[in-house]
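K.L.:
The following comprises the amino acid sequence and a computationally predicted model.
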Amino acid sequence: VIALTLIAAIAGVALSGVFSVTKDNIEEQEVLKQAASYKEVCPEAENFAIHEEGNAKIEEKAGSDWHADYPSARINEVFECQDAAGNVVGYALSISSKGFGGDVTMAMGIRADGTISGIAFTELKETAGLGMKADEPEFKSQFPGKSRSVDPVKGAPQDDNDISAITGATVTSTAVYNAVNAGLNFYETVLKGGN
């Protein structure tokens with residue numbers, strides 16, 4: 001019993017030591033991953049500045065859905081995408097929505113004219129071969145250029161704002177649509193005209 005207690009205590013101290021040594025590196029990697037996703041969805045930006053008014057609105061609604069029509073979608077943060085001269089060329093949002101395997105968190109770029117410039121996933125733990133198809137170019141490439149709420153459809157899109165759903169991954173598809181639509185709603189109600 002004494003030997004097992006000593007081994008457990010030593011292992012516990014060793015694990016906490018490893019965690020404290022790697023904690024800062026893990027956090028730094030997360031920040032770099034987030035920055036890379038913002039650059040991916042807003043490639044013309046040279047700088048990402050915190051959008052004070054937008055983040056204040058997010059704080060007001062902390063812990064609640066952004067819009068009743070888009071259940072479980074939450075806006076996490078918003079940045080202004082600025083060119084080298086400091087002009088606002090768009091916005092980068094971090095949005096989460098409830099997927100099949102947990103939260104689906106993505107970066108979404110919106111140009112200053114209100115059209116989507118792209119989406120990139122920062123957290124996607126969906127079913128391999130089904131929900132994980134959301135991160136494939138075939139699915140993600142449907143969003144750039146959209147400026148109104150997107151609608152999921154089975155098969156080929158019939159309208160400009162239709163997006164082909166992922167076959168067999170309804171929950172994941174819905175999570176992405178809810179996140180995108182919440183982001184577009186946030187642009188219309190908070191960011192539009194702020195540039």
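P.N.:
Arrived safely, thanks for sending.
K.L.:
Please compute how far whichever helix in the chain runs longest lies from its chain's middle.
P.N.:
In the chain, assigned by DSSP state H, the helix with the most residues is helix 2-41. A distance of 23 Å separates the centroid of the chain from that of helix 2-41, by CA atoms, centre = their mean, to the nearest Å.
K.L.:
So which bits of it are buried?
P.N.:
Within helix 2-41, the residues that count as buried by 16 or more other CB atoms under 10 Å are 34, 37-41. C-betas here are computed from N, CA, C, even on glycine.
K.L.:
Now Leu93: phi and psi?
P.N.:
Backbone torsions for Leu93, taken as degrees, to the nearest 10, come to phi -120, psi 150.
K.L.:
list the contacts for it?
P.N.:
Residues in contact with Leu93 (CB atoms under 8 Å, 6 or more residues apart in numbering) are 75-79, 107-110, 183, 186.
K.L.:
does Glu123 really touch Val104, like I thought?
P.N.:
Yes: the pair Glu123 / Val104 is scored as a contact, 6.8 Å apart, by CB atoms under 8 Å.
K.L.:
Tell me which of the two has more neighbours.
P.N.:
Legend: neighbour count by other CB atoms under 10 Å for Glu123 and Val104, higher for Val104 (29 against 15).
K.L.:
how about the strands in the protein?
P.N.:
For the chain, the strands defined by DSSP state E occupy 47-50, 74-82, 88-98, 103-111, 116-123, 151-153, 162-164.
K.L.:
quick one: which of the buried residues of helix 2-41 is nearest to Ser20?
P.N.:
Gln34 (22.7 Å; CB to CB).
K.L.:
pLDDT score for the residue nearest to that closest one when sequence neighbours are not counted?
P.N.:
Residue nearest to Gln34 in three dimensions, not counting chain neighbours: Thr122, with 6.0 Å by CB to CB, 6 or more residues apart in numbering. Note on Thr122: pLDDT of 91.
K.L.:
Now that Thr122 has come up, it's in contact with Ser94, right?
P.N.:
Yes: using CB under 8 Å, Thr122 is in contact with Ser94, at 7.1 Å.
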